[in-house]
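Student: Need a 3D model of the sequence below.
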Amino acid sequence: MKNRVLIIGGRGRIGNCVAQDLATFTDATITITGRTSQGETAPQSALNFSFLPLYLADKDALKKAVSASDLVIFCAGPFLYRDTSVLQTCIEAGVNYLDVSDSSHFTRQILTCREDAHNAGITAIINSGIFPGISNSMVRQGVEALDEADRVHLSYVVGGSGGAGVTVMRTTFLGLQKPFDVWIDGKWETVNPYHDRESIVFPEPYGKTGVYWFDMPEAFTLPESFPVKTVITKFGTIPDFYNFLTWTVARWWPPFVLKNPGVIEFLSYVSFAMTRVTDSFSGIGVAVRSEVTGKKDGKAAKCCTTMVHPNTAIVAGIGTGTIAQLMLEGKLDKPGVWPVEQILPTDLFQAVMASRNITINQDLVMGNW
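Tutor: Numbers count the residues shown, from 1 in each chain. Coordinates of the predicted model:
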């Protein structure tokens, strides 16, 4: 097993959870990077990791660190602000790549590197984690349960901060900056973020919860991956008043205000401070619900796949850690750039989820509803 792993942004909450998962389930030698030795959180078992100060703008230092690795995991968000330089460095060095991106803008950039990655013989897997990531594999599982798939409805709900840091708050508010395109009835339509509230019944302890349109990479990778006519991606939080506050910002604040970095920082830190208070009763868990509708045995059918976990950050680390493990073991070896649902077979997905005691529930309903 090639086992030298470089986690860029490993001092952050998500990066640390990825490192912890790899340290638990592999014998990888793990190096985590950050601009300083201090991050949003310290590794729980510092002896498992070495630390490397690294600025992404220092191209020579980045190249040296990447070249000394067998796998690079890019965890330094918000990804709206990132470019393809880390992947390009991996391509030049012949090193496999994995990221936790949740940015549509970044994903579109990364996908332009497909030919370069293929020609270099490296496997690059993007959008891992929980959503996107585990959610993508849940959709694949649902699509494969039907003979024909027509519509995908992905919904996510997170309790409070989700156990993550300020970076995740930034990502939420950055996602409110402009309308985005979605695949509806076989054509692209433009929708506004955090609009069109819909009540979705999630597994306990969440129950019926409001979700809203949110710009996610799955909105355009899933239509590419599967012959479906509609893909819906909606997100919500609990307590519900956070949804109202976010909806108010999305609806009433002028676009030029939301594009001001200072405003984004203010909103992010205020929101993070609020969730530090409400986390004690809302929890920091996550529920994902994938509903795929189509046909089975010539009849209308619906496959609903769900997952619940009490800590969003930890399960995000599991989503990325499991894929990293499979890459290190040579089980995911396909040169090019791939969203999770295009490269991870359902049997492997089910096996690695079971290895982490993650339960994926699936219900198939036949007939009209």
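
Student: Show me the strands in the stretch 1-150 of the chain, by range?
Tutor: Assigned by DSSP state E, counting those that start in this stretch, the strands in the stretch 1-150 of the chain fall at 4-8, 29-34, 49-53, 71-74, 96-99, 123-126, 148-159.

Student: and the top helix by length along the chain, what does it pack onto?
Tutor: With DSSP state H setting the assignment, residue counts place helix 261-282 as the longest helix in the chain. Contacts defined by 3 or more CB pairs under 8 Å, 6 or more residues apart in numbering; DSSP states H and E place helix 261-282 against helix 166-174, helix 240-252. C-beta coordinates here come from the backbone N, C-alpha and C atoms, glycine included.

Student: one more time with 10 Å, if that's ok
Tutor: Counting contacts by 3 or more CB pairs under 10 Å, 6 or more residues apart in numbering; DSSP states H and E, helix 261-282 is packed against strand 148-159, helix 166-174, strand 230-238, helix 240-252, helix 255-258.

Student: Can you give me the domain assignment for the chain?
Tutor: According to automatic domain parsing, the chain is divided into the following domains: 4-129+315-355, 131-312.

Student: distance between the ends of the last one?
Tutor: Same thing as domain 131-312. 10 Å (CA to CA, to the nearest Å).

Student: Centre of the chain to that domain, how far?
Tutor: 11 Å (CA atoms, centre = their mean, to the nearest Å).

Student: pLDDT below threshold where in this protein?
Tutor: Within the chain, the stretches with pLDDT under 70 are 1-2, 36-48, 368-369.

Student: Helix, strand, or coil at Asn357?
Tutor: With DSSP: H, G, I helix; E, B strand; the rest coil as the basis, Asn357 sits in coil.

Student: and of the helices and strands packed on helix 261-282, who's closest to Val288?
Tutor: Proximity to Val288 (CB to CB) singles out strand 148-159 among the helices and strands packed on helix 261-282, at 5.4 Å.

Student: Check whether Leu154 really touches Thr221, as I assumed.
Tutor: No - when contacts are counted by CB atoms under 10 Å, Leu154 is not listed as touching Thr221 (11.4 Å).

Student: neighbour count winner among the two?
Tutor: Leu154 (28 against 25; other CB atoms under 10 Å).

Student: Out of the domains of the chain, the one nearest Leu364 is which?
Tutor: domain 131-312 (5.1 Å).

Student: Quick one: distance of the helix or strand containing Gly317 to the chain centre.
Tutor: Using DSSP states H and E, Gly317 falls within helix 312-328. Here helix 312-328 is found 11 Å from its chain centre; the criterion is CA atoms, centre = their mean.

Student: thinking again about what came up before, what touches both of Leu154 and Thr221?
Tutor: Shared contacts of Leu154 and Thr221 (CB atoms under 10 Å, 6 or more residues apart in numbering): 132, 136, 139, 231.

Student: In helices only, show me these.
Tutor: Those of the shared contacts of Leu154 and Thr221 lying in helices (DSSP H): 136, 139.

Student: List just the nearest of the shared contacts of Leu154 and Thr221 to Lys64.
Tutor: Lys64 has its nearest neighbour among these in Pro132, at 30.3 Å by CB to CB.

Student: my guess is that closest one contacts Met216, does it?
Tutor: Yes - shown here, Pro132 and Met216 form a contact pair, counting by CB under 10 Å, at 6.3 Å.

Student: more crowded one of those two?
Tutor: Between Pro132 and Met216, counted using other CB under 10 Å, Pro132 has the larger neighbour count: 31 against 27.
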